[in-house]
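Visitor: requesting a structural model of the entry that follows:
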Amino acid sequence: MNDEQDYIYDIEEEEIVYVSKSELKRDAHALTDMGEKLINLPARDLKKIPLTAELEEAIELAHKIENKRGALKRQRQFIGKLLRKTDTEEISEALKKIEGQHDQENAKFHRLEKLRDQLIEEGDSAIGNIAEHYPNLDRQHIRQLVRKAQQERKAMLECKQNANKGSAKALFKYLKEISE
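Guide: Prediction:
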């Protein structure tokens, strides 16, 4: 009888976890999506992620495949299958870190675009404000860039054919240089 009680006790303590078929499918799709992100990463970022040799080979093959008769889709599914067999916690963390860096770069890019537009709109008064934040700013050079960009914008508004956006691009490039 004592053995019987121990058996019942062990069964009661053991937790039975039921996983639905739908949940398994969602997990599989999530890993396939992770594989898709890995395929779309540039090579420099892919090197930062801890991958098994088999996963690296599968991703390299996916880069080489031209989408003929669903070959790329099958390769994506294969990468998802490989991810299901591995611990993806470190891979997920590395992806989040890379995506965070990408978001920061995008935010910086948008700030510089707004700064450029502000310079073109306000002119010399905005240059004084920006000079406070960027002490290595060449005021004469930025004034020239701003004036050219203003002239181009005015020409575009007047619908002249020879208007281009070269000065606005040059101004953005200069802002990017001094911000780094």
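
Visitor: from the chain's centre, how far out does stretch 32-39 sit?
Guide: 13 Å (Cα atoms, centre = their mean, to the nearest Å).

Visitor: mean confidence score for that stretch?
Guide: Averaging pLDDT along stretch 32-39 yields 88.

Visitor: touching it from outside, list them.
Guide: 46, 49, 51, 55, 59, 62-63, 76-77, 79-80, 82-83, 88, 91-92, 95 (Cβ atoms under 8 Å, 6 or more residues apart in numbering). All C-beta spots, glycine's among them, are computed from the backbone N, C-alpha and C.

Visitor: list buried residues within these.
Guide: 46, 49, 51, 55, 59, 62, 76, 79-80, 82-83, 91-92, 95 (16 or more other Cβ atoms under 10 Å).

Visitor: among those, which are located in helices?
Guide: 46, 55, 59, 62, 76, 79, 80, 82, 83, 91, 92, 95 (DSSP state H).

Visitor: ok, those vs residue 125, which is closest?
Guide: For those, the minimum distance to residue 125 (Cβ to Cβ) is 43.7 Å, reached by residue 95.

Visitor: that closest one reaches residue 50, doesn't it?
Guide: No - look at residue 95 against residue 50 with Cβ atoms under 8 Å: they stay out of range, at 10.8 Å.

Visitor: okay, now the domains of this protein?
Guide: 16-88, 105-179 (automatic domain parsing).

Visitor: run the chain-centre distance for the longest one.
Guide: Offset of domain 105-179 from its chain centre (Cα atoms, centre = their mean): 26 Å.

Visitor: next: stretch 86-104.
Guide: With Cα atoms, centre = their mean as the basis, stretch 86-104 stands 10 Å off its chain's centre.

Visitor: one more: stretch 32-40?
Guide: On Cα atoms, centre = their mean, the centre of stretch 32-40 falls 12 Å from that of its chain.

Visitor: gap between residue 89 and residue 96?
Guide: 11 Å (Cβ to Cβ, to the nearest Å).

Visitor: cool, and residue 154?
Guide: Remark: distance between residue 154 and residue 96 (Cβ to Cβ) = 45 Å.

Visitor: same check, this time on residue 77
Guide: Taking Cβ to Cβ, one finds residue 77 at 23 Å from residue 96.

Visitor: mind listing the helices for the chain?
Guide: Under DSSP H, the chain gives helices at 2-13, 21-40, 43-46, 53-64, 71-85, 89-122, 124-133, 139-157, 166-179.

Visitor: buried ones in the third one?
Guide: Spelled out, that is helix 43-46. 45, 46.

Visitor: ok, and what's touching that helix?
Guide: Contacts for helix 43-46 (Cβ under 8 Å, 6+ apart): 38, 59, 98.

Visitor: number of residues surrounding the first one?
Guide: The number of residues packed around residue 38, counting by other Cβ atoms under 10 Å, is 23.
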